[in-house]
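Colleague: Give me a model of this one.
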Amino acid sequence: MDINRIPPAELGKGSEICLDVCDTEQDLYWKMAIEVLEVIEENNKKGETTLMVVPYGPLGPYSRLVYLVNKYRVSLKNCIFMNMDEYLTDDMKYIDKADPLSFRGGMERIFYSLIDPELNVLPENRYFPDPEDPEVLTRLIEKVGKLDMAWGGVGINGHFAFNEPPEPGEACTNEEFLARKTRALAISRETKTINCFMNCGGDLNGIPKYCVTVGMQEMYRAKKVRMCMPRDWNAGALRKILHGDIDCHVPCSLFRNHPDAKLYASRLACETQVVPEIRIYNK
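Modeller: Numbers count the residues shown, from 1 in each chain. Okay, here's the model as predicted:
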(Lines give C-alpha, C1' and ligand atoms only; values in the text may rest on other atoms or scores of the structure.)
Protein backbone atom coordinates (compact mmCIF):
# COMPACT_ATOMS: atom_id res chain seq x y z
CA MET A 1 0.00 0.00 0.00
CA ASP A 2 1.28 3.44 -0.94
CA ILE A 3 0.46 5.45 2.17
CA ASN A 4 0.85 8.70 0.24
CA ARG A 5 -2.05 7.74 -2.03
CA ILE A 6 -4.56 7.09 0.76
CA PRO A 7 -7.49 9.49 0.21
CA PRO A 8 -7.94 12.00 3.05
CA ALA A 9 -11.31 10.49 3.96
CA GLU A 10 -9.64 7.09 4.49
CA LEU A 11 -6.87 8.33 6.78
CA GLY A 12 -6.89 6.70 10.20
CA LYS A 13 -9.07 3.79 9.17
CA GLY A 14 -7.53 0.57 10.46
CA SER A 15 -4.82 2.43 12.40
CA GLU A 16 -4.23 1.64 16.06
CA ILE A 17 -4.00 5.39 16.72
CA CYS A 18 -7.32 7.24 16.89
CA LEU A 19 -7.38 10.13 14.40
CA ASP A 20 -9.49 13.18 15.28
CA VAL A 21 -9.71 15.47 12.23
CA CYS A 22 -10.30 19.11 13.19
CA ASP A 23 -11.75 21.52 10.64
CA THR A 24 -9.17 24.20 11.45
CA GLU A 25 -5.97 24.66 13.42
CA GLN A 26 -7.97 26.68 15.96
CA ASP A 27 -10.45 23.82 16.44
CA LEU A 28 -7.54 21.52 17.18
CA TYR A 29 -6.28 23.86 19.88
CA TRP A 30 -9.70 24.03 21.54
CA LYS A 31 -10.11 20.24 21.51
CA MET A 32 -6.68 19.71 23.04
CA ALA A 33 -7.28 22.34 25.73
CA ILE A 34 -10.68 20.90 26.61
CA GLU A 35 -9.30 17.38 26.96
CA VAL A 36 -6.49 18.61 29.23
CA LEU A 37 -9.05 20.44 31.36
CA GLU A 38 -11.32 17.38 31.54
CA VAL A 39 -8.48 15.22 32.89
CA ILE A 40 -7.69 17.83 35.54
CA GLU A 41 -11.34 18.25 36.55
CA GLU A 42 -11.84 14.49 36.85
CA ASN A 43 -8.81 14.18 39.12
CA ASN A 44 -9.89 17.20 41.17
CA LYS A 45 -13.26 15.58 41.81
CA LYS A 46 -11.52 12.43 43.03
CA GLY A 47 -9.03 14.39 45.13
CA GLU A 48 -6.15 13.07 43.04
CA THR A 49 -3.00 14.75 41.76
CA THR A 50 -2.74 15.36 38.01
CA LEU A 51 0.69 14.65 36.53
CA MET A 52 1.18 15.61 32.90
CA VAL A 53 4.02 15.89 30.42
CA VAL A 54 3.27 19.11 28.56
CA PRO A 55 4.88 20.86 25.58
CA TYR A 56 5.89 24.39 24.83
CA GLY A 57 4.51 23.84 21.35
CA PRO A 58 2.00 24.01 19.89
CA LEU A 59 1.21 27.19 21.80
CA GLY A 60 -2.43 27.45 20.74
CA PRO A 61 -3.89 25.17 23.43
CA TYR A 62 -2.43 27.33 26.19
CA SER A 63 -4.41 30.51 25.44
CA ARG A 64 -7.59 28.39 25.37
CA LEU A 65 -6.61 26.63 28.60
CA VAL A 66 -5.94 29.97 30.31
CA TYR A 67 -9.40 31.15 29.28
CA LEU A 68 -11.15 27.97 30.44
CA VAL A 69 -9.33 27.74 33.77
CA ASN A 70 -9.98 31.37 34.67
CA LYS A 71 -13.58 31.45 33.44
CA TYR A 72 -14.71 28.18 35.01
CA ARG A 73 -12.49 28.48 38.10
CA VAL A 74 -10.75 25.16 37.67
CA SER A 75 -7.98 24.75 40.22
CA LEU A 76 -4.54 23.69 39.00
CA LYS A 77 -3.09 23.63 42.50
CA ASN A 78 -3.05 19.84 42.56
CA CYS A 79 -1.34 19.63 39.17
CA ILE A 80 2.27 18.78 38.41
CA PHE A 81 3.41 19.85 34.93
CA MET A 82 6.63 18.47 33.49
CA ASN A 83 7.58 20.23 30.27
CA MET A 84 8.85 18.00 27.52
CA ASP A 85 12.11 19.72 26.70
CA GLU A 86 14.36 22.76 26.65
CA TYR A 87 17.24 24.08 24.57
CA LEU A 88 20.78 23.79 25.91
CA THR A 89 23.98 25.76 25.41
CA ASP A 90 27.09 24.16 23.93
CA ASP A 91 28.22 23.26 27.45
CA MET A 92 24.93 21.42 28.07
CA LYS A 93 23.37 23.98 30.41
CA TYR A 94 19.91 25.52 30.03
CA ILE A 95 19.87 28.51 27.70
CA ASP A 96 19.06 31.70 29.57
CA LYS A 97 15.44 31.91 30.66
CA ALA A 98 15.31 35.43 29.17
CA ASP A 99 16.29 34.11 25.74
CA PRO A 100 13.29 34.42 23.37
CA LEU A 101 13.78 30.76 22.43
CA SER A 102 13.69 29.49 26.02
CA PHE A 103 10.76 27.21 26.73
CA ARG A 104 11.12 27.98 30.45
CA GLY A 105 10.66 31.68 29.84
CA GLY A 106 7.96 31.00 27.28
CA MET A 107 5.82 28.99 29.70
CA GLU A 108 5.89 31.90 32.12
CA ARG A 109 4.84 34.37 29.43
CA ILE A 110 2.06 32.42 27.73
CA PHE A 111 0.65 30.37 30.58
CA TYR A 112 1.70 30.63 34.21
CA SER A 113 1.68 34.45 34.35
CA LEU A 114 -1.86 34.54 32.90
CA ILE A 115 -3.57 32.14 35.31
CA ASP A 116 -5.36 33.58 38.34
CA PRO A 117 -2.94 33.09 41.29
CA GLU A 118 -5.74 31.44 43.28
CA LEU A 119 -5.93 28.69 40.64
CA ASN A 120 -2.37 28.40 39.38
CA VAL A 121 0.04 25.46 39.35
CA LEU A 122 2.25 25.84 42.40
CA PRO A 123 5.76 27.05 41.48
CA GLU A 124 7.32 23.95 43.02
CA ASN A 125 5.19 21.78 40.72
CA ARG A 126 6.45 23.35 37.48
CA TYR A 127 9.23 21.14 36.15
CA PHE A 128 11.55 20.89 33.17
CA PRO A 129 13.80 17.95 32.32
CA ASP A 130 17.19 18.51 33.90
CA PRO A 131 20.36 17.33 32.12
CA GLU A 132 22.05 17.11 35.51
CA ASP A 133 19.21 15.16 37.13
CA PRO A 134 17.47 13.15 34.39
CA GLU A 135 15.51 10.96 36.83
CA VAL A 136 13.17 13.76 37.97
CA LEU A 137 10.14 12.55 36.02
CA THR A 138 10.68 8.92 36.99
CA ARG A 139 10.64 9.96 40.65
CA LEU A 140 7.48 12.02 40.11
CA ILE A 141 5.70 9.09 38.44
CA GLU A 142 6.68 6.82 41.31
CA LYS A 143 5.57 9.41 43.88
CA VAL A 144 2.18 10.14 42.25
CA GLY A 145 1.67 6.54 41.14
CA LYS A 146 0.72 7.43 37.56
CA LEU A 147 1.31 9.71 34.59
CA ASP A 148 -2.07 10.96 33.40
CA MET A 149 -1.16 12.31 29.99
CA ALA A 150 1.69 13.21 27.65
CA TRP A 151 0.64 15.67 24.97
CA GLY A 152 2.39 17.87 22.44
CA GLY A 153 3.23 18.60 18.85
CA VAL A 154 4.85 16.16 16.44
CA GLY A 155 8.04 17.06 14.61
CA ILE A 156 8.55 17.01 10.85
CA ASN A 157 10.48 13.74 11.26
CA GLY A 158 7.78 12.24 13.47
CA HIS A 159 9.50 12.94 16.78
CA PHE A 160 7.75 13.57 20.11
CA ALA A 161 9.45 16.09 22.40
CA PHE A 162 13.06 16.07 21.13
CA ASN A 163 13.26 12.29 20.78
CA GLU A 164 15.03 12.45 17.43
CA PRO A 165 15.06 9.33 15.21
CA PRO A 166 18.24 7.24 15.19
CA GLU A 167 21.01 8.61 13.01
CA PRO A 168 21.46 7.02 9.56
CA GLY A 169 23.40 3.81 10.02
CA GLU A 170 22.84 3.77 13.78
CA ALA A 171 21.77 0.35 15.01
CA CYS A 172 18.65 0.73 17.13
CA THR A 173 15.62 -1.50 17.59
CA ASN A 174 12.16 -0.21 18.43
CA GLU A 175 12.53 -1.68 21.92
CA GLU A 176 15.86 0.07 22.44
CA PHE A 177 14.39 3.38 21.28
CA LEU A 178 11.42 3.06 23.64
CA ALA A 179 13.87 2.46 26.48
CA ARG A 180 15.54 5.85 25.96
CA LYS A 181 14.95 8.01 29.02
CA THR A 182 15.35 11.72 29.76
CA ARG A 183 18.67 12.88 28.35
CA ALA A 184 20.62 15.63 26.59
CA LEU A 185 21.24 15.19 22.87
CA ALA A 186 22.04 16.96 19.61
CA ILE A 187 19.10 18.32 17.62
CA SER A 188 18.71 16.89 14.13
CA ARG A 189 19.17 19.10 11.09
CA GLU A 190 15.53 18.48 10.08
CA THR A 191 14.27 19.73 13.43
CA LYS A 192 16.62 22.72 13.43
CA THR A 193 15.38 23.62 9.94
CA ILE A 194 11.65 23.56 10.72
CA ASN A 195 12.20 25.25 14.10
CA CYS A 196 14.21 28.09 12.60
CA PHE A 197 11.51 28.50 9.95
CA MET A 198 8.87 28.87 12.67
CA ASN A 199 10.81 30.71 15.37
CA CYS A 200 13.76 32.73 14.12
CA GLY A 201 13.25 33.87 10.56
CA GLY A 202 14.91 30.91 8.90
CA ASP A 203 18.29 31.43 10.58
CA LEU A 204 19.69 27.91 10.94
CA ASN A 205 22.43 29.20 13.22
CA GLY A 206 19.83 30.74 15.52
CA ILE A 207 18.61 27.38 16.83
CA PRO A 208 20.81 25.81 19.54
CA LYS A 209 22.67 22.61 18.71
CA TYR A 210 21.60 20.77 21.82
CA CYS A 211 18.55 20.10 23.97
CA VAL A 212 17.31 18.07 26.91
CA THR A 213 14.20 15.96 26.43
CA VAL A 214 11.88 13.73 28.40
CA GLY A 215 12.43 10.23 27.03
CA MET A 216 10.09 7.92 25.19
CA GLN A 217 10.42 5.49 28.08
CA GLU A 218 8.75 7.88 30.52
CA MET A 219 6.11 9.19 28.11
CA TYR A 220 5.07 5.71 27.05
CA ARG A 221 3.98 5.17 30.67
CA ALA A 222 1.27 7.86 30.30
CA LYS A 223 -2.33 6.72 30.47
CA LYS A 224 -3.09 8.93 27.49
CA VAL A 225 -0.82 10.07 24.67
CA ARG A 226 -2.10 12.97 22.59
CA MET A 227 -0.30 14.17 19.47
CA CYS A 228 -1.05 17.44 17.66
CA MET A 229 -0.44 18.00 13.94
CA PRO A 230 -2.01 21.32 12.91
CA ARG A 231 -0.02 22.39 9.84
CA ASP A 232 0.46 21.44 6.20
CA TRP A 233 4.06 20.36 6.74
CA ASN A 234 2.78 17.68 9.15
CA ALA A 235 1.19 15.77 6.25
CA GLY A 236 4.07 13.44 5.43
CA ALA A 237 4.79 12.35 9.00
CA LEU A 238 1.06 12.02 9.73
CA ARG A 239 0.65 9.32 7.10
CA LYS A 240 3.75 7.47 8.25
CA ILE A 241 2.59 7.54 11.87
CA LEU A 242 -0.89 6.25 11.09
CA HIS A 243 -0.24 3.82 8.27
CA GLY A 244 3.49 3.26 7.74
CA ASP A 245 5.72 0.74 9.46
CA ILE A 246 5.92 0.87 13.25
CA ASP A 247 9.49 2.06 13.24
CA CYS A 248 11.67 4.11 15.60
CA HIS A 249 12.83 6.13 12.59
CA VAL A 250 9.34 7.67 12.79
CA PRO A 251 9.17 7.85 16.61
CA CYS A 252 5.45 8.59 17.00
CA SER A 253 4.59 5.46 15.00
CA LEU A 254 5.64 3.53 18.12
CA PHE A 255 2.51 4.82 19.83
CA ARG A 256 0.50 2.48 17.60
CA ASN A 257 1.23 -0.08 20.33
CA HIS A 258 0.10 2.25 23.12
CA PRO A 259 -3.31 1.46 24.68
CA ASP A 260 -4.67 5.04 24.42
CA ALA A 261 -3.04 7.17 21.73
CA LYS A 262 -4.87 9.83 19.77
CA LEU A 263 -3.72 12.16 17.02
CA TYR A 264 -5.44 15.52 16.63
CA ALA A 265 -4.88 16.77 13.08
CA SER A 266 -6.18 19.74 11.16
CA ARG A 267 -8.02 19.06 7.94
CA LEU A 268 -5.20 20.94 6.23
CA ALA A 269 -2.64 18.39 7.47
CA CYS A 270 -4.84 15.53 6.29
CA GLU A 271 -5.68 16.94 2.86
CA THR A 272 -2.29 18.39 1.88
CA GLN A 273 -1.04 16.41 -1.10
CA VAL A 274 2.12 14.56 -0.13
CA VAL A 275 3.22 13.19 -3.52
CA PRO A 276 2.24 15.40 -6.45
CA GLU A 277 0.86 13.77 -9.55
CA ILE A 278 3.59 13.08 -12.07
CA ARG A 279 2.87 14.82 -15.33
CA ILE A 280 4.66 13.93 -18.53
CA TYR A 281 4.81 16.69 -21.09
CA ASN A 282 5.58 16.11 -24.76
CA LYS A 283 8.51 18.14 -25.94
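
Colleague: use CA for all of it now, contacts and neighbours both
Modeller: Fine.

Colleague: which stretches of the stretch 51-200 of the chain form helices?
Modeller: With DSSP state H, counting those that start in this stretch as the criterion, the stretch 51-200 of the chain has helices at 60-72, 103-110, 136-144, 174-178, 189-199.

Colleague: Quick one: mean pLDDT for the last one?
Modeller: Spelled out, that is helix 189-199. Averaged across helix 189-199, the pLDDT comes to 84.

Colleague: before we move on, the earlier item: among the helices of the stretch 51-200 of the chain, which is nearest K93?
Modeller: helix 103-110 (12.9 Å; CA to CA).

Colleague: Would you map the strands across the stretch 1-150 of the chain?
Modeller: Residue ranges of the strands in the stretch 1-150 of the chain, as given by DSSP state E, counting those that start in this stretch, are 18-22, 50-54, 79-83, 85-88, 126-127, 149-153.

Colleague: JSON lines for those strands, including distance to I34, mean neighbour count and mean pLDDT?
Modeller: Shown next, in JSON lines, are these (distance: least, CA to CA, whole Å; neighbours: other CA atoms under 10 Å; pLDDT from 0 to 100):
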{"stretch": "strand 18-22", "distance to I34": "14", "mean neighbour count": "19", "mean pLDDT": "97"}
{"stretch": "strand 50-54", "distance to I34": "14", "mean neighbour count": "24", "mean pLDDT": "98"}
{"stretch": "strand 79-83", "distance to I34": "16", "mean neighbour count": "22", "mean pLDDT": "98"}
{"stretch": "strand 85-88", "distance to I34": "23", "mean neighbour count": "26", "mean pLDDT": "97"}
{"stretch": "strand 126-127", "distance to I34": "20", "mean neighbour count": "16", "mean pLDDT": "98"}
{"stretch": "strand 149-153", "distance to I34": "13", "mean neighbour count": "25", "mean pLDDT": "98"}
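
Colleague: Take these and write them to a markdown table, including distance to P100.
Modeller: What follows is the strands of the stretch 1-150 of the chain, written out as a markdown table (distance: least, CA to CA, whole Å):
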| stretch | distance to P100 |
| --- | --- |
| strand 18-22 | 30 |
| strand 50-54 | 19 |
| strand 79-83 | 17 |
| strand 85-88 | 11 |
| strand 126-127 | 19 |
| strand 149-153 | 19 |
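
Colleague: Identify whichever of those lies nearest to I194.
Modeller: Ranking the strands of the stretch 1-150 of the chain by proximity to I194 (CA to CA) places strand 149-153 first, at 12.7 Å.

Colleague: Now do the contacts for the closest residue to N257 other than its chain neighbours.
Modeller: Spatial nearest neighbour of N257, chain neighbours left out: E16 (7.1 Å); criterion: CA to CA, 6 or more residues apart in numbering. E16 makes contact with L242, R256, N257, according to CA atoms under 8 Å, 6 or more residues apart in numbering.

Colleague: Name all residues that make contact with the nearest residue to L19 once chain neighbours are set aside.
Modeller: Spatial nearest neighbour of L19, excluding adjacent residues (CA to CA, 6+ apart): L263 at 4.9 Å. Going by CA under 8 Å, 6+ apart, L263 touches I17, C18, L19, D20, R226, M227, C228, M229.

Colleague: how does it look with 10 Å?
Modeller: L263 makes contact with 12, 17-21, 151-154, 225-229, 238, 241-242, 252, according to CA atoms under 10 Å, 6 or more residues apart in numbering.

Colleague: Surely it is within a strand?
Modeller: Yes. Under DSSP: H, G, I helix; E, B strand; the rest coil, L263 sits within a strand.

Colleague: ok, it to Y112 distance?
Modeller: Distance, L263 to Y112, using CA to CA, to the nearest Å: 26 Å.
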